[in-house]
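1. I need the structure of the sequence given here:
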Amino acid sequence: MLIKDQVVMLTGAASGIGRALGLELANRGAKAIGLVDLNDEVFNVATQINENAGKTVGLAFQGDVTDSDFRRSIYDDVNARHGVVGICVPAAGLTRDSLAVKVDQETGQTHIYPEETFRLVAEVDLIAPVYWALEMVARVAQYRHDRGMRRWNPAEGVQGAIIFIGSVSSQGNKGQIAYASSKAGLEGAAATIMKEAIYYGVRCGVLHPGFTDTPMVQALGEEYISKYVLPDTQLGRLIRPEEIADAICFMISNSAVSGELWADAGWHPSAA
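-> Now for the predicted structure:
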């Protein structure tokens, strides 16, 4: 599937992987990119993309990706201006790391990871990405139905691509019970969506990044990264967001690539 002239929906676009991907998609000729983020930096990303392109490609939207009305309104806006979205990368995410069960060394009292925090992480990292993806599938399905087009025929060419942003943490990572569970959940969602959405010509896959030089990873602190991340990474450095963006574009462009792709820089957690 060619990226050139496609309409894209991208969440988490204000920084990190999302920002790098927005710039890369524009460089590869995307016709329009819906850039969505809770952070108002998303407007600066749109400005940068548009200045580089010499025309309006980036469309900035600020809001909560877990808000269903907001999601539908953004799709309505982008579809009305540029046509049906053909690429969706719901990259917005957050972490709230803590041990699943820990004992207070002073009081001896045990504490369980807060349920409300688990629900928050799952809403942002699992449920929201799935529904941003389903919204695109629904719009493609409606477009085809309105034109009397039923089951997709390969001769038509691929009609859409969804790439979820997973994580190496989906295999389990100490201190990330909510994040790891949510990212593992995307694997099942992607496999199911692929089986259903291919009826309309839409593909779905998961890209699992390793530790990438993003604000989320930098928030772990330099000492933690030096002690617990880099020693277990074969490259000996954090992955650059641009490297992940390139891998996502590969998954979009090469229709023979299905399932999951690991861009982990050889990271394997130690047994300790």
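
2. show me where this structure has strands.
-> For the chain, strands defined by DSSP state E occupy the ranges 7-11, 32-37, 58-62, 87-90, 101-103, 110-112, 160-165, 202-209, 259-263.

3. those strands: which one's closest to L126?
-> Relative to L126, the nearest member of those by Cβ to Cβ is strand 160-165, separated by 9.4 Å. In this view, the C-beta of every residue, glycine as well, is placed from N, C-alpha and C.

4. what about that closest one, distance to the chain center?
-> Per Cα atoms, centre = their mean, to the nearest Å, the displacement of strand 160-165 from the mean C-alpha position of its chain is 8 Å.

5. that one pairs with which strands?
-> The strands beside strand 160-165 in its sheet (DSSP bridges) come out as strand 87-90 (parallel), strand 202-209 (parallel).

6. dump these to TSV, plus mean neighbour count.
-> Output for the strands paired with strand 160-165, formatted as TSV (neighbours: other Cβ atoms under 10 Å):
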stretch	mean neighbour count
strand 87-90	28
strand 202-209	24
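
7. CSV please, covering the ones you listed and showing mean pLDDT and distance to K4.
-> Converted to CSV, these look like this (pLDDT from 0 to 100; distance: least, Cβ to Cβ, whole Å):
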stretch, mean pLDDT, distance to K4
strand 87-90, 98, 11
strand 202-209, 96, 17
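
8. can you tell me which of those is nearest to M149?
-> Evaluated with Cβ to Cβ, these place strand 202-209 nearest to M149, the distance being 13.1 Å.

9. now tell me what touches that closest one from outside.
-> Applying Cβ atoms under 8 Å, 6 or more residues apart in numbering, the external contacts of strand 202-209 come out as 1, 17, 133, 136-137, 140, 158-168, 170, 183, 186-187, 190, 193-194, 197, 239, 244, 247-248, 251, 255, 257-264.
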